[in-house]
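Trainee: Quick one: sequence and predicted model below, then my questions.
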There are 2 protein chains.
Amino acid sequence: MTSNEVRKDYLLNRWVVIATNRNKRPTDFVKKQESKQDGICPLCPGNEHLTPPAVLVYLLADGEIVKEKEQNDLRLKDWVLRVVPNLFPVFVVPKQDDVIIKKGPQLANAVGHHEVIVETPCHDEHPAVARVSQLVHTVNAYVDRIKALSSKPYVKHVALFKNYGMDSGASLSHTHSQLITTPFLPTTLEEELKASKQFWNKNGECIFCDIIKKERSGPRFIWENQSFVVFAPYASVNPMEFWVFPKRHQSNMANMSDNEIKDLAETLRVCLGALKTLLNNPSYNFGFHTLLQKDAQDCYHWHLEVYPKVLTWAGFEKSTGMYINMVLPEDAASELGVAVNAELEALQK
Amino acid sequence: MTSNEVRKDYLLNRWVVIATNRNKRPTDFVKKQESKQDGICPLCPGNEHLTPPAVLVYLLADGEIVKEKEQNDLRLKDWVLRVVPNLFPVFVVPKQDDVIIKKGPQLANAVGHHEVIVETPCHDEHPAVARVSQLVHTVNAYVDRIKALSSKPYVKHVALFKNYGMDSGASLSHTHSQLITTPFLPTTLEEELKASKQFWNKNGECIFCDIIKKERSGPRFIWENQSFVVFAPYASVNPMEFWVFPKRHQSNMANMSDNEIKDLAETLRVCLGALKTLLNNPSYNFGFHTLLQKDAQDCYHWHLEVYPKVLTWAGFEKSTGMYINMVLPEDAASELGVAVNAELEALQK
């Protein structure tokens, strides 16, 4: 498999992976009649041979989780969770660790890992309805994979994200997350790191710790448990958008404690459950913002951003980089707050 | 009507218009059953009273275009083209010209104009199939409106764009473009201006003139006529994306000559016609990148960017600001080149 290219715009700090190894010809994008997604699910139990060997499998043995790795034709059964390489990776694992990344001011090698986290054997156990105990496995797998990949010299960032629902760009309906490692820091994270460093240098404080303090007692507060605070961001790009921050300052989510992992699982369950109830099961995307960089430790604060997919970005947004949101973030927070508490109550019954 | 707010992210140079005067409540985004768009078209002839009074109407009198403006309850009939204020404006016209724009480091007043250019009385005369003579009226209207609005002190930018097809975010199917004026330069244009200024200061040349020269004779070239060059950009964000540049250096598209206006109409017709044929009538967005700023005159070069809407940006793109494109821009250019020439040939028959 040949490597993909990452190309930079003539002027903007905007990078595009030209992922031609996905084998799409231009006319493959010819508009097709909507076809119902069905047939065999490659992520369901029994169909393990439809995926490459798993890089991580959680099995249950005597009530304890055992972690395994598959090789060649071996496929483990009765798994609780598995992580497999994407069949059509956007970033491709290099043959050697010391691969050259930057090939020019506008060109880089798209080397890295692209993995699918199959969150549960149950096809429809999406986070909004999942057992919290199963979501704990999901979050543990996030942490395990970040730890395993971040030691590689060509991994400068781990993008961990989820697309839920047809409108979100998801191509498989079995509940799953994805992980892509990039060989340099992507634009949004780079800008966040730069701004948080500036704030740190000026104020000797983490800008996110400051934001959390303010939002926690303000009109955009949604919910909190022992370890996490949830609020609607001041300049929400999407209607009903919310962000989840750990209370403890950490730049890398792989450093979560076991308690924090459990609390994040609960947070995902009740917040995504609330969103499902409020908007009648909307599509959404979420992405973790977490950094591996040593110089991010003091100034950066990892978090999760959840983007409900209820609008389409159109010509205005795409050509100006300015966004339009029809819902006041304060109103979104107020409705989400009520719904999250109802979700928690139902869960505890 | 109260004014909307424009809010800036905590860290990023990302601005969001909180357009609550569109009167959407959070739960208005509850997913609805797909409903076929039909009923009365507010942009069709005979339904003029369903729109606010037009700010510009083109009428045909003795074979010449006459330009009019409507007031109060007056609505002109037998128009060739009309421009009306958007019923649900994202930016709102201020009561006084000297309105205060910036209200803080993260907050601005969303003042400006939001207009709909009804390109033709014929509901389905989209640019891909339109008479070139009608497209000349459209481009003339673009120029007229930019000229009329750019003298206002609170107009720092005119964003002129089009959403075609349900997947593109278009909410009305009658062929139309939109224009939004913003009270400060949006992020993408600001970054382009900054980078082009840097290039100018270093090289004494317009960076776009340099790009055009290279792309015109390279593998991403698509087509040209006397006044315009069309190519697929090196780091195309979207499959089959193409950009249209005037050969003559100008920073503001309102300075087009009559010949250039005719040539742009022809370019729109054959390029969008080719896209329609190649991808079976896909949705698309386009946006003009054009600047009013005096200090942009030497270094900036106005152009049009066309984004076919064949993919959905998902969790990776939204959380990293990095994009994935499955089509090699060189392949897109080659297929589009053949299709544009076929389109032109059919048009000239």
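Mentor: Looks like it arrived, so ask away. Residues are numbered from 1 along each chain as shown, chains lettered A, B, ... in the order given.
Trainee: From chain B, how far off is the closest residue to residue A:101 other than its chain neighbours?
Mentor: In space, and not counting its chain neighbours, residue A:101 is closest to residue A:183: 4.4 Å by C-beta to C-beta, 6 or more residues apart in numbering or on different chains. Glycine gets a C-beta too; all of them are placed from N, C-alpha and C. Per C-beta to the nearest C-beta, to the nearest Å, residue A:183 is found 11 Å from chain B.
Trainee: again with residue A:292
Mentor: Residue A:292 sits 14 Å away from chain B, taking C-beta to the nearest C-beta as the criterion.
Trainee: okay but that residue is in contact with residue A:255, surely?
Mentor: No: applying C-beta atoms under 8 Å, one finds residue A:292 not in contact with residue A:255, separated by 10.8 Å.
Trainee: Report how many residues lie close to the residue nearest to residue A:101.
Mentor: 22 (other C-beta atoms under 10 Å in any protein chain shown).
Trainee: Please name the residues that touch it.
Mentor: By C-beta atoms under 8 Å, 6 or more residues apart in numbering or on different chains, the residues touching residue A:183 are A:6, A:91, A:101, A:108-112, A:154-156.
Trainee: Tell me, how many residues neighbour residue A:215?
Mentor: Residue A:215, neighbours per other C-beta under 10 Å, totals 22.
Trainee: check contacts around it.
Mentor: Residue A:215 neighbours (C-beta under 8 Å, 6+ apart): A:221, A:229, A:231, A:234.
Trainee: Can you tell me the SS state at it?
Mentor: helix (DSSP: H, G, I helix; E, B strand; the rest coil).
Trainee: Roughly how far does it sit from residue A:279?
Mentor: With distances taken as C-beta to C-beta, to the nearest Å, residue A:215 is found 22 Å from residue A:279.
Trainee: Also residue A:137?
Mentor: 27 Å.
Trainee: Residue A:10 now?
Mentor: Taking C-beta to C-beta as the measure, residue A:10 falls 39 Å from residue A:279.
Trainee: got it, and residue A:11?
Mentor: From residue A:11 to residue A:279 the distance is 38 Å (C-beta to C-beta).
Trainee: ok, those two, which is more surrounded?
Mentor: Remark: of residue A:11 and residue A:279, residue A:279 carries more neighbours, 23 against 18, as counted by other C-beta under 10 Å.
Trainee: Now the more buried one: phi and psi?
Mentor: phi -110, psi 20 (degrees, to the nearest 10).
Trainee: I'd guessed it sits against residue A:311; true?
Mentor: No: using C-beta under 8 Å, residue A:279 is not in contact with residue A:311; the gap is 11.8 Å.
Trainee: what sits against the residue sitting nearest the centre point of chain A?
Mentor: Closest residue to the average C-alpha location of chain A: residue A:161 at 1.7 Å, with C-alpha atoms, centre = their mean. By C-beta under 8 Å, 6+ apart, the contact list for residue A:161 reads A:177-180, A:285-288, B:314-316, B:318-319.
Trainee: And residue A:208, by the same measure?
Mentor: Residue A:208 neighbours (C-beta under 8 Å, 6+ apart): A:196, A:245, A:249, A:300-301, A:303.
Trainee: Farthest pair within those?
Mentor: Greatest spatial distance in the contacts of residue A:208: A:196 and A:245, 13.1 Å, computed using C-beta to C-beta.
Trainee: which neighbours do those two share?
Mentor: Contacts common to residue A:196 and residue A:245, judged by C-beta under 8 Å, 6+ apart, are A:208, A:301.
Trainee: where exactly do the helices run in the stretch 1-150 of chain A?
Mentor: A:132-149 (DSSP state H, counting those that start in this stretch).
Trainee: For the contacts of residue A:215, which single residue is the most surrounded?
Mentor: Most surrounded of the contacts of residue A:215: other C-beta under 10 Å gives residue A:231, at 27 neighbours.
Trainee: what's it sitting at in phi/psi?
Mentor: Torsion angles, degrees, to the nearest 10, at residue A:231: phi -150, psi 160.
Trainee: I'd say it and residue A:219 touch.
Mentor: No: under the criterion of C-beta under 8 Å, residue A:231 makes no contact with residue A:219, lying 9.4 Å away.
Trainee: any common contacting residues for these two?
Mentor: By C-beta under 8 Å, 6+ apart, residue A:231 and residue A:219 have these common neighbours: residue A:333.
Trainee: Let me see the contact set for the closest residue in space to residue A:142 that isn't next to it in sequence.
Mentor: Of all residues not flanking residue A:142 in the chain, residue A:160 sits nearest, at 5.7 Å (C-beta to C-beta, 6+ apart). Taking C-beta under 8 Å, 6+ apart, we find residue A:160 in contact with A:142, A:145-146, A:177-179, A:287-288, A:290.
Trainee: I only care about the residues you listed that end up buried; give me the ChimeraX line for that.
Mentor: A single ChimeraX command is used to select the members of those judged buried by 16 or more other C-beta atoms under 10 Å in any protein chain shown:
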select /A:142,145,146,177,178,179,287,288,290
